[in-house]
Structures are given as C-alpha cells and as structure tokens.
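1. Build me a structure from this.
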Amino acid sequence: MAVRIDHATTSGTFSLDGQTFDVENNAWVVGDDQECVIIDAPHDVEAIRRLVGDRRVLAVLCTHAHDDHVRKAPELADAVGAPIVLHPDDLVLWNLVHPDRRPDREFADGQVVEVGGIGLQVLHTPGHAPGAVCLYSPELGVVFTGDTLFAGGPGATGRSYSDFGTVTASIRDRLLPLPEDTEVRTGHGESTTIGAVRPQFEEWVARGY
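-> Okay, here's the model as predicted:
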C-alpha cells in the first residue's frame with residue numbers, strides 16, 4: 001500500500017521563559033491505510049485523530065519538547081494507544097510541561113522508525129532545543145524538521161536551552177547534505193526544499209539568523 005503524508009494546522013500558544021505567544025503548528029501523520037505515526041502533538045487532539053482515522057498508530061514522535069509541540073502528547077497517546085517517543089536530551093523541557101508523565105521511549109541518533117514499509121531516520125539536530133530531532137525518509141524524499149529548519153531560516157534560539165551556533169551546525173552537518181530535492185516539512189509555516197535552503201544558509205549564519 002502507498003504511504004502518504006497527512007497534515008493539519010493547529011492553533012494555540014507557546015510559552016517559555018515567562019512569556020506566551022500565539023502560534024500555529026503543523027502536525028504530520030505518515031503511514032499507509034493500515035498504520036501510521038504521528039509527528040508532534042500540538043494544541044488539538046481531535047484534529048490529529050481525524051487525520052489518523054481508523055489506522056493503528058505505532059507512535060507519537062516528538063521532534064522536540066517545547067510545549068506547543070508536546071502539550072497534547074499524553075492525551076493523544078492515550079487516545080490512540082501509542083507510545084510517546086522523545087530524545088532524552090529534551091527531558092529538561094518535557095518536564096516543564098509534563099512533570100508527572102515521562103515519554104515512553106527514547107530516540108537515538110541514527111535509529112530508523114519503520115512505518116508502512118518505509119523508514120524514518122532519526123537525525124539528532126540540537127540547537128533550537130537540546131534534544132531536537134529531524135526525521136528523514138529517503139523513500140519519500142522528505143525530512144520533517146520540527147523547529148530546527150524553516151523556509152525562512154534556522155529555528156529560533158533566543159530562549160533557554162537553545163544556541164544559534166549549535167542549530168546552524170546541525171543544519172550544515174545533518175540537513176544540507178541531503179539531496180537537494182528533499183522536501184522540508186516544518187513545525188510551523190510553509191514547506192521548502194534542501195535545494196532552496198542551501199544558497200541562503202551562509203547569509204543566515206553571517207547575520208545571526
């Protein structure tokens with residue numbers, strides 16, 4: 001069966017360091033007609049469940065643990081009967097949101113998450129958050145970047161547990177080597193491609209964004 005990518009945009013807030021902002025987040029569901037994985041759990045459980053339908057959910061995969069990406073993770077995981085997976089370096093952020101509930105499993109760099117006959121390779125890409133990961137599917141020609149990389153630049157690094165030099169190194173070393181036609185599906189906003197990002201990268205580094 002063909003694997004497809006389903007998408008919803010959800011609205012809510014992001015809070016960290018005593019400030020709160022209105023945001024819109026992308027939620028992604030990847031799989032075939034029988035099984036799928038959910039990438040991030042922002043704001044709206046029912047909107048994501050509609051994407052899932054009656055498929056078996058293998059996991060809720062968290063690209064990082066900022067609250068706008070994991071606020072609904074426990075509720076969603078319980079609703080669909082699936083484990084929550086997070087890189088252990090992001091537990092410091094997870095615990096700010098869910099101090100009484102730990103993720104069920106840990107990502108490891110280079111791990112492959114299999115769904116619908118394809119693989120999602122885990123790329124540890126710290127910087128926006130210490131345990132941020134991207135999920136790359138060579139078969140689909142797609143990388144899900146969370147908040148590590150956007151169409152307009154690297155993920156923001158003005159908050160606690162973030163670092164500009166680290167996120168740009170992650171993009172340079174882990175993402176830019178991917179094929180230029182790789183589609184970049186982001187945590188917020190529009191998608192782009194690795195080929196579109198490459199010529200802009202040095203400018204971003206030079207100006208600090």
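2. just the helices in this protein please.
-> Remark: helices assigned in the chain by DSSP state H are 45-52, 67-70, 73-80, 91-97, 164-170, 194-207.
3. between those helices, which one is nearest to Gln19?
-> Nearest of those to Gln19, taken as CB to CB: helix 67-70 at 11.9 Å. No exception for glycine: its C-beta is placed from N, CA and C like everyone else's.
4. Could you list the buried residues of that closest one?
-> Across helix 67-70, burial judged by 16 or more other CB atoms under 10 Å covers 67-70.
5. Please apply the same query to stretch 105-120.
-> Using 16+ other CB under 10 Å as the test for burial, stretch 105-120 gives 107, 111, 113, 115-116, 118-120.
6. Now do the strands in the protein.
-> Using DSSP state E, the strands of the chain run over 4-16, 19-31, 35-39, 56-61, 84-86, 105-106, 112-115, 118-124, 133-137, 142-146, 149-150, 153-154, 183-186, 192-193.
7. pretty sure Leu76 contacts Asp40?
-> No: in this structure Leu76 lies outside contact range of Asp40 using CB atoms under 8 Å: 9.7 Å.
8. Common neighbours of these two, please.
-> Counting by CB atoms under 8 Å, 6 or more residues apart in numbering, Leu76 and Asp40 have no shared contacts at all.
9. low-confidence ranges in this protein?
-> Scanning the chain for pLDDT under 70 picks out 1, 209.
10. pretty sure Arg198 is touching Pro179, no?
-> No: in this structure, Arg198 is not within contact of Pro179 by CB under 8 Å, at 11.0 Å.
11. The two: which has the busier surroundings?
-> Between Arg198 and Pro179, Arg198 has the larger neighbour count (other CB atoms under 10 Å), namely 16 against 11.
12. Tell me which residues touch that one, please.
-> 176, 180.
13. could you measure it against Thr186, distance?
-> Between Arg198 and Thr186 the distance is 16 Å, computed by CB to CB, to the nearest Å.
14. Across the sheet, point out what pairs with Val115.
-> Per DSSP bridges, the residues bridged to Val115 are Ile118.
15. so what's it up against?
-> 3, 30-32, 35-37, 58 are the contacts of Val115 under CB under 8 Å, 6+ apart.
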